[in-house]
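In: Here's a sequence, model it:
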Amino acid sequence: MVGGAVLQNRPEPYATITGRRRLRSLSERVENQMITWYRHIDEARSVEQVVAVTRDFLASWTPQEVARLPIACRPTRIRDESDVLDLHDRLVDEYRTTRSSGDELTALQLITGVMVRASLRLAELNGSAVTSGASEPIRTPEPRQA
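Out: Coordinates of the predicted model:
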């Protein structure tokens, strides 16, 4: 939500994590968001496309949603691959030690999951040994329960 209005260019599942419109449960929306963003990342054919998807994902977050994240791992400007990897590292470090619960934990899980996926896709595109095998998409573990 920006200025009290849901952003026009965001599909309904992305309306907000914390907004008033609760047509679905938070966990359903988070699951749908993760699947959609994972698909966009998996379909990226270049490092630049992964960076662009990551930027789009972060741009879909409202200031209120970003405020739910711990200060140390709030996203900054994403210019290139190194910025994606830096944010990934900060999020994973925070996720390992978090005591968050509820919507704060859900927000951290969502952003961490997407950034992990982006980092893995970058490694694949760069020819790193981090791959899922044949041509099947990378599977990530289920989020922790709050």
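In: Low-confidence regions, this structure specifically.
Out: Applying pLDDT under 70 to the chain picks out residues 1-27, 29-30, 128-146.
In: can you do 80?
Out: Applying pLDDT under 80 to the chain flags the ranges 1-34, 128-146.
In: Can I get stretch 104-124 as PDB, trimmed to CA atoms?
Out: Provided in PDB are the C-alpha atoms of stretch 104-124 (Å, rounded to 0.1, in the frame of the first residue of the first chain):
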ATOM      1  CA  GLU A 104       7.700 -10.500  10.800                       C
ATOM      2  CA  LEU A 105       8.800 -14.100  10.400                       C
ATOM      3  CA  THR A 106       6.600 -14.500   7.300                       C
ATOM      4  CA  ALA A 107       8.100 -11.400   5.600                       C
ATOM      5  CA  LEU A 108      11.600 -12.700   6.400                       C
ATOM      6  CA  GLN A 109      10.800 -16.100   5.100                       C
ATOM      7  CA  LEU A 110       9.400 -14.700   1.800                       C
ATOM      8  CA  ILE A 111      12.300 -12.400   1.000                       C
ATOM      9  CA  THR A 112      14.900 -14.900   2.100                       C
ATOM     10  CA  GLY A 113      13.400 -17.700   0.000                       C
ATOM     11  CA  VAL A 114      13.300 -15.600  -3.100                       C
ATOM     12  CA  MET A 115      16.800 -14.300  -2.600                       C
ATOM     13  CA  VAL A 116      18.100 -17.800  -2.000                       C
ATOM     14  CA  ARG A 117      16.400 -18.900  -5.200                       C
ATOM     15  CA  ALA A 118      17.900 -15.900  -7.100                       C
ATOM     16  CA  SER A 119      21.400 -16.700  -5.800                       C
ATOM     17  CA  LEU A 120      21.100 -20.300  -6.800                       C
ATOM     18  CA  ARG A 121      19.900 -19.300 -10.300                       C
ATOM     19  CA  LEU A 122      22.900 -16.900 -10.600                       C
ATOM     20  CA  ALA A 123      25.200 -19.800  -9.700                       C
ATOM     21  CA  GLU A 124      23.600 -21.900 -12.400                       C
END
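In: quick one: buried residues of stretch 59-79?
Out: Within stretch 59-79, the residues that count as buried by 16 or more other Cβ atoms under 10 Å are 60-62, 65, 68-70, 73-75, 78. For glycine as for every other residue, the C-beta is placed from the backbone atoms N, C-alpha and C.
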